[in-house]
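1. Next come a sequence and a model predicted from it.
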Amino acid sequence: MLLQASIDWNLRVHVLDPDPDAPCRHLCSQFTTGSLTDYDTVYAFGQGVDVLTIEIERVNVEALEALEREGKRVFPQPSVIRTIQDKRLQKQFYVDNQLPTAPFVLTDNRVHVVEMVEIMPSFLPAFHKLGRDGYDGRGVQRIASEADLPKAFDAPGVLEKAVDFEKELAVIVARNERGEVQTHPTVEMVFHPELNLVDYLFAPAQVPAEVDAQAQAIARQTAEAFGIVGVLAVELFLTKTGEVLINEVAPRPHNSGHHTIRANVTSQFEQHWRAILNLPLGDTSAYQPAAMVNLLGEDGHTGPARYEGLNDLLAMPGVFPFLYGKAITKPFRKMGHITVMDADLDALREKVAQVQGAIRVVS
């Protein structure tokens with residue numbers, strides 16, 4: 001989707017990806033197969049571009065730092081990526097910068113988690129998150145009671161007190177080198193009950209004006225605190241007492257902003273290019289209310305992907321499917337998303353239900 005946005009401006013984009021059959025290989029100007037976590041591979045790749053950016057945090061930061069020291073423009077900055085890569089550093093960053101977040105303790109291993117719960121039994125229920133390498137819902141365990149303690153990770157992590165929330169919100173915020181900051185409208189997300197990833201979202205979020213203003217302000221403050229150049233997704237909890245707390249952030253275009261391709265004047269993907277190229281940030285106004293439904297591979301299906309119901313989907317007004325070009329489907333693998341638009345909120349919610357029942361990714 002970043003590549004699709006780049007085509008309008010004749011940008012020559014080189015891509016490094018570990019998958020030799022990655023869907024992007026046929027869309028970019030130059031494709032290199034290689035590990036994103038290998039120092040030499042990332043360093044050598046960076047030598048051949050003018051501006052280096054990422055679309056996943058799991059990358060060799062030491063190589064990015066070396067490239068930055070040598071004068072390469074690397075955005076988001078390696079220092080930002082390094083902090084966000086490690087949820088332990090990320091959570092401490094919020095505290096150090098007076099940004100609201102849920103209570104937490106840093107843990108070294110499973111034994112340490114047990115010790116912390118013995119000291120603070122009222123801290124449960126909580127979530128134990130791996131410090132590093134958790135992604136798309138992986139690396140998170142719910143610790144509801146002491147009986148769940150064996151589920152804790154035996155590695156450095158964060159034990160975060162469960163938040164009694166009303167809604168989960170997100171704001172896409174962008175910042176360029178000149179310090180210009182722009183946000184997309186706040187969205188509300190509904191997570192899959194088992195997979196810990198977004199099932200669907202609505203934009204704009206149906207929240208009181210003061211809550212929306214608070215969410216927007218926190219997103220701006222977070223981007224400013226990091227000093228990030230690029231797009232930052234800020235995921236938030238709205239508690240049942242009306243507080244807005246940061247859950248976590250992602251320094252890249254994010255699932256919570258995929259609907260912006262059709263629904264907003266400037267998509268998050270175009271905005272990212274604008275930010276890292278130090279261009280004026282674009283208008284983020286919404287054309288009309290929208291929803292985004294993640295398209296996941298069906299449980300029990302692994303193999304060449306087939307899309308059942310695509311014709312029915314395309315016949316629906318205001319429904320726009322985006323398929324990611326992944327040849328192989330797996331259970332719950334993200335295979336695409338569907339943007340749904342309607343001026344009437346009730347009609348929008350009905351369309352979402354229709355979309356969810358209309359299409360399946362099978363093998």
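-> Done, it's in.
2. Spell out, range by range, the strands that occur in the stretch 101-250 of the chain.
-> In the stretch 101-250 of the chain, the strands defined using DSSP state E, counting those that start in this stretch lie at 104-107, 126-130, 140-143, 157-161, 165-175, 181-183, 187-191, 198-203, 230-239, 244-250.
3. which one of those lies closest to Gln92?
-> strand 104-107 (7.5 Å; CB to CB). (Glycine included, C-beta is placed from N, CA and C.)
4. Run through who's touching that closest one.
-> Residues outside strand 104-107 that contact it (CB atoms under 8 Å, 6 or more residues apart in numbering) are 88, 91-92, 113, 116, 120, 123, 128, 152, 156-161.
5. And stretch 165-182, what's buried?
-> Using 16 or more other CB atoms under 10 Å as the test for burial, stretch 165-182 gives 165-176, 181-182.
6. And the strands of the stretch 101-250 of the chain: which comes nearest Gln4?
-> Shortest distance between Gln4 and the strands of the stretch 101-250 of the chain, using CB to CB, is found for strand 230-239: 15.3 Å.
7. what angle sits between that closest one and strand 165-175?
-> 160 degrees (axes from the mean of the first three to the mean of the last three CA atoms, to 10 degrees).
8. and strand 230-239 with strand 198-203, angle?
-> 90 degrees.
9. helices or strands next to strand 230-239 in the packing?
-> Applying 3 or more CB pairs under 8 Å, 6 or more residues apart in numbering; DSSP states H and E, one finds that strand 230-239 contacts strand 165-175, helix 209-226, strand 244-250, helix 268-276.
10. Could you list the low-confidence segments of the stretch 201-350 of the chain?
-> Nowhere does the stretch 201-350 of the chain drop to pLDDT under 70.
11. Val352 touches Thr339, doesn't it?
-> No - if you go by CB atoms under 8 Å, Val352 and Thr339 don't touch, sitting 10.6 Å apart.
12. shared neighbours, those two?
-> Residues touching both Val352 and Thr339 (CB under 8 Å, 6+ apart): Ala291.
13. before we move on, the earlier item: out of the helices and strands packed on strand 230-239, which gets nearest to Leu197?
-> Taking CB to CB, strand 165-175 is the member of those nearest to Leu197, at 11.5 Å.
14. Quick check: which helices or strands does the closest one pack against?
-> Secondary-structure packing of strand 165-175 (3+ CB pairs under 8 Å, 6+ apart): strand 181-183, strand 187-191, helix 209-226, strand 230-239, helix 268-276.
15. Show residues contacting the first one.
-> So the one you mean is strand 181-183. For strand 181-183, contacts defined as CB under 8 Å, 6+ apart pick out 171-175, 216, 219-220, 223-224, 271, 281-282, 284.
16. before we move on, the earlier item: please name whichever of the helices and strands packed on strand 165-175 is nearest to Leu201.
-> With CB to CB as the measure, strand 187-191 is the member of these nearest Leu201 (4.5 Å).
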